[in-house]
Structure formats: C-alpha cells, structure tokens
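Engineer: Provide a 3D model corresponding to the input given below.
(2 chains)
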2 protein chains.
Amino acid sequence: MTLQLPKGTRDFKPEEAIARNKIISTLKDVFELYGYSPLETPAFERYDVLASKYAGGEEILKETFKFKDQGKRELGLRYDLTVPLARYIGMNPNIKMPFKIYQIGDVFRDGPVERARYRQFSQCDADVVGIKSMTADAEIIALTQRAFKKLGLEATIKVNNRKLLNELLLYAGVKKDKLETVLLTIDKLEKFGLDTVKKELKQKIGNKAINNIIKIIDIKGNNSEKIMEIKKLIASEGLNEIEELLSLLKILNVNAEFDVSLARGLSYYTGTVFEVFLKNSKVKSAVCAGGRYDKMIGSFLSKGDYPAVGISFGLDRIYDAYAEKAEKTKKSVAQVYIIPINTFKESLRIAEELRSENVKVDIDITGKGPSKNLQYADSLGVPYVLFIGEEELKQGKVKLKDMNSGKEQLMSADELVLFLQKI
Amino acid sequence: MTLQLPKGTRDFKPEEAIARNKIISTLKDVFELYGYSPLETPAFERYDVLASKYAGGEEILKETFKFKDQGKRELGLRYDLTVPLARYIGMNPNIKMPFKIYQIGDVFRDGPVERARYRQFSQCDADVVGIKSMTADAEIIALTQRAFKKLGLEATIKVNNRKLLNELLLYAGVKKDKLETVLLTIDKLEKFGLDTVKKELKQKIGNKAINNIIKIIDIKGNNSEKIMEIKKLIASEGLNEIEELLSLLKILNVNAEFDVSLARGLSYYTGTVFEVFLKNSKVKSAVCAGGRYDKMIGSFLSKGDYPAVGISFGLDRIYDAYAEKAEKTKKSVAQVYIIPINTFKESLRIAEELRSENVKVDIDITGKGPSKNLQYADSLGVPYVLFIGEEELKQGKVKLKDMNSGKEQLMSADELVLFLQKI
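Structural biologist: Numbers count the residues shown, from 1 in each chain, chains lettered A, B, ... in the order given. Predicted coordinates for the structure are as follows:
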C-alpha cells in the first residue's frame, strides 16, 4: 500500500480548514442576506445527464471521472454545479419562480495537473432562475461586492454584455460564423496581453476587422464615457442592457468597471458577463465569475424558457488569497486551553461551564505538566491559557495567560466569562 | 437522456437543505466548543489505501465505487472518514498529539438500496488521537450529550466496554475463537430481540454458555448496581475502565446508561463503545455511535501506537428525526420579503440597508403586484412581508405584515431594524 493522496488532490489541515470554513460561512451568510436558499445535489450524476449536448461539452467530458454502479449504470462525478441545477429544475416542475438558490460543493475534473489546478475543487454558486430583468444581474453583482468586503479582500468587478460584444464584433466586420472563435481569442486579453491576441486574430479574420476591434477595445474613460463612445458607433440591445445594469448598480452603491473586452470563455452566456479580480494579491486569475445564461436550462430540458443568471466563487483561489494574509499559526479553533494543576475534576467542570457560555475550550486530559502544556498550546496557536490551581481556586480565582503578550492575570469566574466572550 | 437521479441518491430541496445546514452548524459549534478543529480530505482515495487489510474489510470493499483516472491509477470513493484520517496521520508524522479533529463529509457505498439506505450519505465525525486515558472517551460522550441538547432532540446514550464484554463472554464459557462471531450476534439484540439472538447463538455455542450470557445480559439496576453485580462475577480491566468512565461522566453531568449487551458490530473497537438512540422519534436505529479503536491506526500505518477514540453522527438519520418536528413550509431563508409599490429604487436601497444590519432580505424584482407577491412569499414560508409604498415612504414609514397572524403595522426604519434583528 502506498501512503499517498490521489494525484491532483489535497488535504486541508486544520489550520487550512479553519480558514476555508470561515470563507464558506461568510459566503453562506451573504447568499442568505439576499434571500438565496441552499440546494444540495449528489456528488455524482448519471453519465447521460452529464453528457447531454446542452451540458458541459466535449472538452469537459474528456475530464469527467466515469464509473459504474453494481447494476452497471453509467455514472460520472459532477464537473460543475450548473448541470445538476438544470437537472433538478427539470425534475421539479412545480418550483415557484423566481428560484433563488445557492450551492456549495465539490466538483471533479480529471485534467492535467498544473500549479493550483486540482482534480477536486470547491465551488460556491448562487443562481436566480426565472427572471429576465437586469435587476437579477444587479442583485448578484451587489451580493458579490458585499461578499468580498466581508472577506476583507479588495476586489475589482468587471462587467460586460455578450450581446453587445457580438454586435460590436459584427460592426467591426467579423462574419457571423466567426463570432464565437473571435470571442474565445479576445477572452485571452487579460491573461496573455494584446500582442498574443492580435497574432491569434490574424489567423481568423482580416486586418481591417482587427484594427476595428482594437479601437473598440481601446475605448477609454469612466463607464458613462465608454457608453457614450459606443453609442456613436451602434445602437444595440446589449448596450441598453449594460446601461440599465450600470444604473441599477449605482442605486445599489456597487462599483463595477464596464470592460468592453470582457468575453468569458463559456459559450452558454447570453447577456451580462462579469469577473472579479483581487487587488494586492498574488492571485491574478479571476476569483469568481458569472453571467446570464438564458438558454441553457431550457434547451437542456427541451422545454420552455428558463432565463437565469448566476455566479460561481472559486473557493480554492479565494482561499489562496485569503491565506496570504491570514495568520497561519492557528491550528486549533480553541480560544482557551485549560491546564489543571491538581484540580482535574474542578477543571473539567469549569471547562463545561465555559462551553455553556459559548467559549471554545480545550483542556489537557493527559496531565503532562505546565511547561509541556504551554508548548502544546503555543504550537496550536491557542491565544489564551488558563491555569487552574488549588490555592487560587480556594479564593475563587483562576489565572489567565495571554499567549501573545505573555501577561498573566488573576480573575474570578464571572470576570473570566466576560473576558473570553469578548474575544 | 433520462432526467433522473443516480439510483440510491437524493437531492435536498431548499426546505430540506435549510434543516440540514442547521444540524451541521450545530454539530460544528459543539465540536469547536470542545476544541476540535476541522480536517478535510478528498472524496476519493487511492484504491490500495481503501483496500488495506486494516481498513474497512471485504464486505465494505464490495460496496466501494471504483474507477480510474486518465493515468490508469485505481481510485475509489471513500466509504467512511476513518480510513482517510488514518492515511492523513500516516502522511503527517509531525502532528502534535493529542490530535483533536472533526470531519464533515459525504461517504459512498454501492450497496442494496433499502428504505433510508443511501449510496451517498453524510457523516460528521469527531476523533481524538493520541490519548489512552478514559478522559478522552468521557469528553466525546459529553460533547455528544451537548450536541443533542442543542439540536432539541431527546437522546439516550448507552455505553459499554468491548474488553469487559469479551471477558464476560469468556467467563460465560465462550471459546476465544468464537468471541467475535458471538459478539456479532449479541449486537443484534436491540434490533431483533432476544429470541432471534438465542436462535442464532444456538448455531454457534452450547446451551450452558447461552444461559450464562442471558443471565449477564439480564443484570438489572442503575449503573452502580450493575457494576456491583458484575464485580461478583469477575475482576476485569474492562470493568475498571467503564467504572472510571462512568465516574468521569458524573463529573461532567452526563447521563449515560451502562448496557452490558451493547457490542457495536465493527471489529476494530478495543475498549469503550457507545450508541445514541432518540426518544419520541420514529427513527429507531442509533443516530450516532462510536468508541475506542486503539489498534487500527497503528496497524494500518504499520508503525507505533495510536490510541484513538471517535464518534460518528449519522447526519441523514438525525435529519429524518429533526424533520419530524421541524416546520416543513420554510422553503426560503429570507426573514422578510419586500414588495415595492412604485418605489423600486428606494426599496432596493432599503433592502441593502437591512442586509447591512444582518437581516435576510428577499425583494420582488419582477414587479408582479401585491397579491401575486403575497402568494409567492406565502408559498416560500417567509414570515414577514414589507410593503414599501410612496405615501408611507414620504412620512418615513413602511408597513410590515406578519404572515402568520396577518397583522400589519406601520413602522419607521429604525423600528423596523430593531424588530427584524430580534426575530
């Protein structure tokens, strides 16, 4: 037996899992503040559902972990949370619209393992199904801004509109059948820069169209100035939508940057698209992204209209950014570590009382003596140590040590509870 | 494409996921109150790890979902959280002991699908590794009692000791090589009753031993009386352990019933075993169970001693019990649903302000009119609806409707925040 992890996976040690839990609970809180409710689907789906032609597509199927159950049914680990959502909506035709839900779960891709590309990763998605109006798009972007504020991460939100981008490309002289491939190239701008994009475009379209595209991409100014400039070029449904979106975002106090070059790779987007980047972080890729996909669910289910807009937070990248600034020494959730000194029974009781007051308490149950205990508490990064000695206890006191400053102070039980509840 | 779930799996709709999240967050809180920190491992492991002879055993391997990655490596979905824990400890030899951790995650078994047996189910485990003393066992049982109290479920905790049970069986005349199989039969007592157990025992051991066993099982009285009775029969290391455990539990104010017939099926238990049953619930099987397994991790890793004690909460059964009493109409987390009446912009702003005050707010973004909106809010089970009308707004007021009582009242913004924060 080889004692190792499956390739492309990782464990999250306590110090890492503590930070991840904090991010997840922050995102959950924010989703719920906006009235999104949780939904859970299994980690695997029937393979034919995952392979539906309106689902993830060929590229993604190649990377799908496939297996069979004992009844020879073909199954696959899910590669995203959107296909299960579409399947869920199809199986529950009586859902009241709008359907506002969030999903937090692991997804799996059996792809090449590069730096920070894992075969299991966690997604936190929020989706609104059943609303055509830009208000839904604005709400999801407002939610996103609030999430990063609560996480203490400085973020830039970029928005665009896929219809507008298509219309601008047509105006620039791109033929209709080239739209999608040109879009995929423009999508590389942020990551690979203008020269790479130009070179790639040359293999696809003529010089005149390329020059027109570059002029459009290069439009400068604040959001209203950009819109003014584009209005001089074309009248466009996409432009109206982005204008409406930006005015709603203003009401909601959301700062978003209109970026006419933002494309988003996935072909199923039909309107608004957005991506979020972090300032002051080593994480340069988008940490979350989303958009409107009005056609996907409906065509997947071969029935009716299901306008939808959603966002997906990449938990692993957000974790990486979060970990840059978090103290990594905290290997325990405990707020206080009790060292009994010949007072084991009384210490156990005090520990239970503190827990009833919602204090997170660890206690030495090995009897290993004060100095070894202090080392242990220190190695876990527990911020306070409580000595409970016989003499002090007789006077109704305990001794609390601040592990950062080294300061010690005698306290009564009541003082202790008040003090620890505050931290 | 068939729009259906994989056999043996289920979705959790919002109203179900809301309840599950509540249970999970309660368990997390309690684990952390006792200083247990989170640990996360992948949903799948290398197959050779899962198939190690010290791991789950043959029966469980038959039910393991097996697959390969593109590099032809054999993998399997994990069937419990204990084997991944042992693998983690083996790969991280510098962990400080005691190692107190909790894991919450899905496990998978490709077994026959009966009522309430799923192929994916969730486990919430807490484990202490590195402590031989009964204090660790007592702590985990105290944690368990607190968890059910917080969940509002009345529970009975039964404890026993595997060493004691073995010693009593030997005393009753069971041969050493029959211990394990007799134990498996006794384990069926709670579920199938004495007659079934007797019948099965007859195929394994003689009548005299059976009669002795029945006498032992039949020992009545409170915990101390039972211990007194057993002391008359044998002197036993297991008895000393359970005596120590019960006295620690008394200090910790934990009610546990010493049940000398409690066996726990799994062969890896080496000392304390315990199970929890619910009173006043249709869920008759154990909702959580655990015990001491001092040899498993060490033999799994072929090195050293790793005394350990752990508990596993069965989230799905606890959910079933919890759902019996929970109101099932709550399909949304929202505390209040805003209906703008020609005040869309102002309503959006008020929604954002309430969210900043930690109120969970949903708002109509379709403009579908008061009566349809009331129906929608009612169908989701949102407890309060807030009408924001032009006239009232001019006077700095809004109208809040209690959806249960039907009562409406006019309030100022400040009054509203205070009122909603209280609920």
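
Engineer: and the residue of the stretch 151-300 of chain A closest to chain B?
Structural biologist: The nearest approach of the stretch 151-300 of chain A to chain B comes at A:Ile251, 5.2 Å away (Cβ to the nearest Cβ). (C-beta placed from N, C-alpha, C; glycine too.)

Engineer: so that residue is in contact with B:Ile350, correct?
Structural biologist: No - using Cβ atoms under 8 Å, A:Ile251 is not in contact with B:Ile350, being 11.2 Å away.

Engineer: quick one, which of the two is more surrounded?
Structural biologist: When A:Ile251 and B:Ile350 are compared for neighbours, B:Ile350 comes out ahead with 21 against 16, by other Cβ atoms under 10 Å in any protein chain shown.

Engineer: contacts only, for the residue of the stretch 201-350 of chain A found nearest chain B.
Structural biologist: The stretch 201-350 of chain A approaches chain B most closely through A:Ala334 (3.9 Å), counting by Cβ to the nearest Cβ. A:Ala334 makes contact with A:360-362, A:380, A:382, B:32, B:35, B:37, according to Cβ atoms under 8 Å, 6 or more residues apart in numbering or on different chains.

Engineer: and if we set it to 10 Å?
Structural biologist: By Cβ atoms under 10 Å, 6 or more residues apart in numbering or on different chains, the contact set of A:Ala334 is A:359-363, A:377, A:380-384, B:32-37, B:100.

Engineer: strands - which of those land there?
Structural biologist: A:361-363, A:384, B:37, B:100 (DSSP state E).

Engineer: assumed A:Phe313 was part of a helix.
Structural biologist: No - under DSSP: H, G, I helix; E, B strand; the rest coil, A:Phe313 falls outside any helix and is assigned strand.

Engineer: surely it touches A:Phe121?
Structural biologist: No - using Cβ atoms under 10 Å, A:Phe313 is not in contact with A:Phe121; the gap is 11.3 Å.

Engineer: give me the neighbour count for the closest residue to A:Ser285 other than its chain neighbours.
Structural biologist: Here the nearest residue to A:Ser285 in space, its sequence neighbours aside, is A:Arg317; by Cβ to Cβ, 6 or more residues apart in numbering or on different chains that works out to 6.4 Å. The burial count assigned to A:Arg317 is 19, neighbours taken as other Cβ under 10 Å.

Engineer: can you check A:Ile101 too?
Structural biologist: Neighbours of A:Ile101 using other Cβ under 10 Å come to 25.

Engineer: pLDDT score for it?
Structural biologist: Predicted confidence (pLDDT) for A:Ile101: 97.

Engineer: where does the stretch 301-423 of chain A dip in pLDDT?
Structural biologist: Residue ranges of the stretch 301-423 of chain A with pLDDT under 70: A:326-329.

Engineer: next one: the residue nearest to A:Ser285 from A:Lys150, what distance?
Structural biologist: A:Arg317 sits 17 Å away from A:Lys150, taking Cβ to Cβ, to the nearest Å as the criterion.

Engineer: residue contacts, whatever residue of the stretch 1-150 of chain A ends up closest to chain B?
Structural biologist: For the stretch 1-150 of chain A and chain B, the shortest gap (Cβ to the nearest Cβ) falls at A:Gly35, measuring 2.9 Å. Listed by Cβ under 10 Å, 6+ apart, the contact partners of A:Gly35 are A:98, A:100, A:128, A:139, A:143, B:332-338, B:351, B:355, B:360-363, B:380, B:382.

Engineer: and the nearest residue to it once chain neighbours are set aside, how far from A:Lys250?
Structural biologist: Of all residues not flanking A:Gly35 in the chain, B:Asp362 sits nearest, at 2.9 Å (Cβ to Cβ, 6+ apart). B:Asp362 sits 22 Å away from A:Lys250, going by Cβ to Cβ.

Engineer: and the lengthiest helix in chain A, what's buried?
Structural biologist: Across chain A, the longest stretch assigned as helix under DSSP state H is helix A:14-33. By neighbour count on 16 or more other Cβ atoms under 10 Å in any protein chain shown, the buried set for helix A:14-33 is A:14-21, A:23-24, A:26-28, A:30-33.

Engineer: coming back round to it: give me the buried positions along the helix or strand containing the residue nearest to A:Ser285.
Structural biologist: Taking DSSP states H and E as the criterion, A:Arg317 maps to helix A:315-325. Buried residues in helix A:315-325, counting neighbours by 16+ other Cβ under 10 Å, are found at A:315-323.

Engineer: same question, stretch A:128-148
Structural biologist: For stretch A:128-148, a neighbour-count test (16+ other Cβ under 10 Å) marks A:128-131, A:133-148 as buried.

Engineer: narrow those residues to those in strands?
Structural biologist: When DSSP E defines the strands, the subset of the buried residues of stretch A:128-148 inside them is A:128-129.

Engineer: and chain B, which of the buried residues of stretch A:128-148 contact it?
Structural biologist: Residues of the buried residues of stretch A:128-148 in contact with chain B (Cβ under 10 Å from any Cβ of the partner chain): A:128, A:130-131, A:133-139, A:142-143, A:146.

Engineer: columns pLDDT on top of those, output as CSV?
Structural biologist: What follows is these, written out as CSV (pLDDT from 0 to 100):
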residue, pLDDT
A:Val128, 97
A:Gly130, 94
A:Ile131, 94
A:Ser133, 94
A:Met134, 96
A:Thr135, 95
A:Ala136, 96
A:Asp137, 97
A:Ala138, 96
A:Glu139, 96
A:Ala142, 96
A:Leu143, 97
A:Arg146, 96
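
Engineer: of those residues, which pair is most distant in space?
Structural biologist: A:Gly130 and A:Arg146 (22.6 Å; Cβ to Cβ).

Engineer: buried ones in stretch A:337-349?
Structural biologist: A:337-341, A:343-344, A:347-348.

Engineer: kindly report the same for stretch A:378-391.
Structural biologist: A:380-389.

Engineer: end-to-end on it?
Structural biologist: 25 Å (Cα to Cα, to the nearest Å).

Engineer: roughly how far out does that stretch sit from the chain middle?
Structural biologist: Mean-position distance between stretch A:378-391 and its chain equals 36 Å (Cα atoms, centre = their mean, to the nearest Å).

Engineer: quick check, nearest of the ones in strands among the contacts of A:Ala334 to A:Pro42?
Structural biologist: Using Cβ to Cβ, the ones in strands among the contacts of A:Ala334 come closest to A:Pro42 at B:Ser37, 27.7 Å.

Engineer: for that closest one, what are its contacts?
Structural biologist: Applying Cβ under 10 Å, 6+ apart, we find B:Ser37 in contact with A:13-15, A:17-18, A:21, A:330-334, A:360, A:362, A:380, B:31, B:99-102.

Engineer: what does A:Ala308 give?
Structural biologist: A:82, A:85-86, A:89, A:98-99, A:127-132, A:136, A:268, A:270, A:291-298.

Engineer: now, the buried residues of stretch A:378-391 that are in helices?
Structural biologist: If you go by DSSP H, these have A:Leu380 in helices.

Engineer: nearest to A:Glu241 among the buried residues of stretch A:378-391?
Structural biologist: Closest to A:Glu241, out of all of the buried residues of stretch A:378-391 and judged by Cβ to Cβ, is A:Gly381, at 49.3 Å.
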